[in-house]
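Novice: Build me a structure from this.
(one chain, ligands or ions: 2)
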Amino acid sequence: MPSPADERPLLSIVLPCFNEQEVLSELFRRLQCAAAEWDHTWEVICIDDGSHDRTWELLQAQAKADPRWKALRFARNFGHQTAVSAGLFHATGQAVVVMDADLQDPPEELPRFIAKWREGFEVVYAIRTKRKEHAAKRLCYWLFYRVLASVVANPIPLDSGDFCVMDRKVVDVVRSMPERNRFVRGLRAWAGFRQTGVAYERQARAAGEVKYTMRRLVRLGLDGIFSFSTAPLRLATYLGLSVSLVALCGVVFTLLQRLFSTFFASIGLAPVPGFATIVISILFLGGVQLICIGILGEYLGRIYDEVKRRPAWVIAEGAGIDPQIPSA
Ligand code: UDP
Ligand code: MG
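Specialist: Ligands and ions are numbered 1, 2, ... in the order given. Sure, this is the predicted structure:
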């Protein structure tokens with residue numbers, strides 16, 4: 001008699017979908033074609049992240065046509081990282097793949113990732129060699145990953161995204177993390193185990209619009225930094241110290257100017273009633289104080305989100321799968 005572990009598919013594929021009606025038929029076709037070459041069992045878990053278009057109808061139809069396709073519908077839009085987390089939560093495979101629904105991460109590449117996983121790596125993440133996005137966005141990504149690497153204790157590999165294969169052990173660790181602000185690639189790096197990267201060329205989106213607006217990207221970036229590092233709090237201290245140092249130099253200079261007024265006058269630095277200086281220093285200090293309050297606020301907001309202990313997501317219905325409730 002097969003044990004429950006044998007009934008598990010070898011591979012689960014987690015696909016977050018938000019208003020992806022244009023791309024879904026192509027996704028079904030490409031993934032089925034790619035999977036026809038695989039010699040292992042698989043399942044797909046699609047998370048409809050509160051789409052307003054026909055995404056859910058299409059996912060439901062697919063789940064009806066092929067029981068290996070399962071779908072969950074969020075009660076509203078919870079965001080990409082939460083959708084990925086819910087997918088990881090429901091995946092039953094011994095290895096789990098996370099990829100985008102828009103075919104920017106090609107399913108044909110998966111055998112290379114699976115091969116590495118079979119070699120014994122618990123996390124095989126994708127490293128983007130070429131991005132087919134415009135220069136300003138690429139520069140932002142480039143900068144973000146470098147800043148992140150310099151402030152985070154266990155660094156997230158440079159230029160790695162969410163596209164990856166994770167072993168069940170890592171999925172269980174990520175699943176057990178209760179936090180609400182979920183930066184999945186950070187949680188994955190935090191888990192440890194043997195991790196390796198596989199280079200791939202990130203494709204342009206197959207169809208439809210980009211759902212990650214600049215605002216959402218900035219929010220994701222802030223989650224990445226503030227959820228994994230307290231370095232910004234230290235930055236506030238350093239900022240405060242440097243401003244105080246500048247102020248101290250100013251005090252010493254003013255004293256000397258008063259004591260040796262004739263000398264200072266001879267070199268053109270006679271004391272003048274400095275209205276501008278006062279205004280500038282007040283503005284500067286005000287700016288530094290606001291930055292520091294902002295940094296405190298980022299952490300305070302996150303603590304507030306956590307202590308409320310609301311569920312990270314709400315599932316409205318499932319197709320081919322029963323929704324489970326994450327424990328608080
Ligand atoms: N996505 C999501 N919820 C959101 C935004 C995006 O589930 O609120 C999904 C989207 O359907 C896609 C993936 O996340 O499968 C990546 O989004 P997108 O392609 O828009 O962004 P990119 O990473 O390419 O900039
Ligand atoms: Mg995309």
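Novice: C-alpha from now on. contacts and neighbour counts both.
Specialist: Will do.
Novice: Alongside ligand 1, which residues does the stretch 1-150 of the chain contribute?
Specialist: Neighbours of ligand 1 within the stretch 1-150 of the chain, by CA under 6 Å from any ligand atom: 16-18, 20, 49, 79-80, 83, 100-102.
Novice: Just to be sure, which of the residues you listed are found in helices?
Specialist: With helices taken from DSSP state H, the overlap with these comprises 80, 83.
Novice: What remains of the residues of the stretch 1-150 of the chain next to ligand 1 if I keep only buried residues?
Specialist: 16-18, 20, 49, 79-80, 83, 100-102 (16 or more other CA atoms under 10 Å).
Novice: Same list (those) but as JSON lines, adding distance to Val218 and pLDDT.
Specialist: Formatted as JSON lines, these follow (distance: CA to CA, whole Å; pLDDT from 0 to 100):
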{"residue": "Pro16", "distance to Val218": "19", "pLDDT": "96"}
{"residue": "Cys17", "distance to Val218": "20", "pLDDT": "95"}
{"residue": "Phe18", "distance to Val218": "19", "pLDDT": "94"}
{"residue": "Glu20", "distance to Val218": "22", "pLDDT": "92"}
{"residue": "Asp49", "distance to Val218": "19", "pLDDT": "95"}
{"residue": "Gly79", "distance to Val218": "13", "pLDDT": "91"}
{"residue": "His80", "distance to Val218": "13", "pLDDT": "93"}
{"residue": "Ala83", "distance to Val218": "18", "pLDDT": "96"}
{"residue": "Asp100", "distance to Val218": "19", "pLDDT": "92"}
{"residue": "Ala101", "distance to Val218": "21", "pLDDT": "92"}
{"residue": "Asp102", "distance to Val218": "21", "pLDDT": "90"}
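Novice: and those as TSV, adding distance to Leu139?
Specialist: Below are these laid out as TSV (distance: CA to CA, whole Å):
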residue	distance to Leu139
Pro16	25
Cys17	26
Phe18	25
Glu20	26
Asp49	28
Gly79	23
His80	22
Ala83	26
Asp100	21
Ala101	24
Asp102	22
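Novice: For the stretch 151-300 of the chain, just list every one of the strands.
Specialist: Along the stretch 151-300 of the chain, counting by DSSP state E, counting those that start in this stretch, strands occupy 160-167, 195-200.
Novice: which one of those lies closest to Ala61?
Specialist: With CA to CA, the closest approach to Ala61 among the strands of the stretch 151-300 of the chain belongs to strand 160-167: 25.6 Å.
Novice: helices and strands around the closest one, which ones?
Specialist: strand 95-98, helix 110-119, strand 123-128, helix 184-191 (3 or more CA pairs under 8 Å, 6 or more residues apart in numbering; DSSP states H and E).
Novice: Can you list the buried residues in the third one?
Specialist: For strand 123-128, the buried set under the neighbour-count rule, 16+ other CA under 10 Å, comprises 123-128.
Novice: Any regions of the stretch 101-250 of the chain where pLDDT drops low?
Specialist: Flagging of the stretch 101-250 of the chain using pLDDT under 70 yields the residue ranges 131-133.
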